[in-house]
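# Below are the sequence and a predicted model for it; my questions follow.
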2 protein chains.
Amino acid sequence: MDIDKAISALNNPARRQILIWLKDRSNFPPALPEHADLAGVCVGYIQEKSGLSQSTISTYMNALKGAGLVLSERHGQWTFYRRNEEVIAQTLKKLSEDLQ
Amino acid sequence: MDIDKAISALNNPARRQILIWLKDRSNFPPALPEHADLAGVCVGYIQEKSGLSQSTISTYMNALKGAGLVLSERHGQWTFYRRNEEVIAQTLKKLSEDLQ
DNA sequence: GCGCTATATCGCGATATCTCGATATATGGA
DNA sequence: TCCATATATCGAGATATCGCGATATAGCGC
């Protein structure tokens, strides 16, 4: 867990908002039937919700992933991103312990 | 409390380290006798400890102040900076509530 | 193979941050 | 007043981030 990379990833309102949206699957359109059992949300849904461009969201999701804050899984043509609760919790804990 | 400005201020290892050092006055040389009763640490001590330039530290302390994370008080030629515990706590709390 | 869809990567101009040295300002003392 | 000290501000080059459109890649179905 690289606290520096994590804070850097969090230092952007759109990326923070994505993490917040990902807390609740119902912030996005329902999954396709064939994806019903998969965790996470595909890039397209996140892009649509955010209003940012596809390339921007892809880059942002990769930044969040690089910081460990999300996990990704490829299924066919889709990449599903979901929160990495452990790393998110660790990051917030470390920040609090350091600064508080 | 502007969470965006706060995270931005925290998105720098040197500024985070300064906040950590400021938790304990003994991280710095003892205050001059005439300042013994004042809260906070002068810019020069912080500069010395950090190894960064005087102008950089002055700018950094101003950024931390702009984010509300520190308070400053001028006494004669010296500016004393100290942590703003309330805002630091609020910031960490808001971050946790939003993201956790 | 071809075409379609989903995602990733590239290249870019705009803007922000980093950190510095030089300079300005403020204060206190001789 | 003049000088020394402490801090703030200015200006700049280097680097990073932002967000885009264009293009590349990967997987699926025919």
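Yes, it's here. Since the structure is predicted, the reported quantities are computational estimates derived from the model, not experimental observations. Numbering: from 1, shown residues only, chains lettered A, B, ... in the order given.
# element containing A:Y60, please.
Secondary structure from DSSP states H and E places A:Y60 in helix A:54-66.
# now check that helix, is it near DNA strand D?
Yes - judged by C-beta under 7 Å from any atom of the strand, helix A:54-66 comes into contact with DNA strand D through A:54-56, A:59, A:63. Bear in mind the C-beta positions are built from the backbone N, C-alpha and C, glycine included.
# quick one: low-confidence parts of chain A?
Scanning chain A for pLDDT under 70 picks out nothing.
# Can you tell me which residues in it are near DNA strand C?
A:42-44, A:47, A:54-55, A:58-59, A:61-62, A:72, A:77-80.
# Give the full set of residues in contact with the closest residue to A:S58 other than its chain neighbours.
The shortest distance from A:S58 to any non-neighbouring residue, by C-beta to C-beta, 6 or more residues apart in numbering or on different chains, is to A:V43 (6.0 Å). By C-beta atoms under 8 Å, 6 or more residues apart in numbering or on different chains, A:V43 lies in contact with A:54, A:57-58, A:61, A:78-79, A:81.
# Any of the residues you listed buried? List them.
Buried members of these, counted by 16 or more other C-beta atoms under 10 Å in any protein chain shown: A:57, A:61, A:78-79, A:81.
# Mind picking the two most distant members of those?
A:I57 and A:W78 (13.5 Å; C-beta to C-beta).
# which residues of chain A fall in strands?
A:41-42, A:70-75, A:78-83 (DSSP state E).
# quick one, which of those is packed in tightest?
Most buried of the strands of chain A, by mean neighbour count (mean count of other C-beta atoms under 10 Å in any protein chain shown): strand A:41-42, with a mean of 23.
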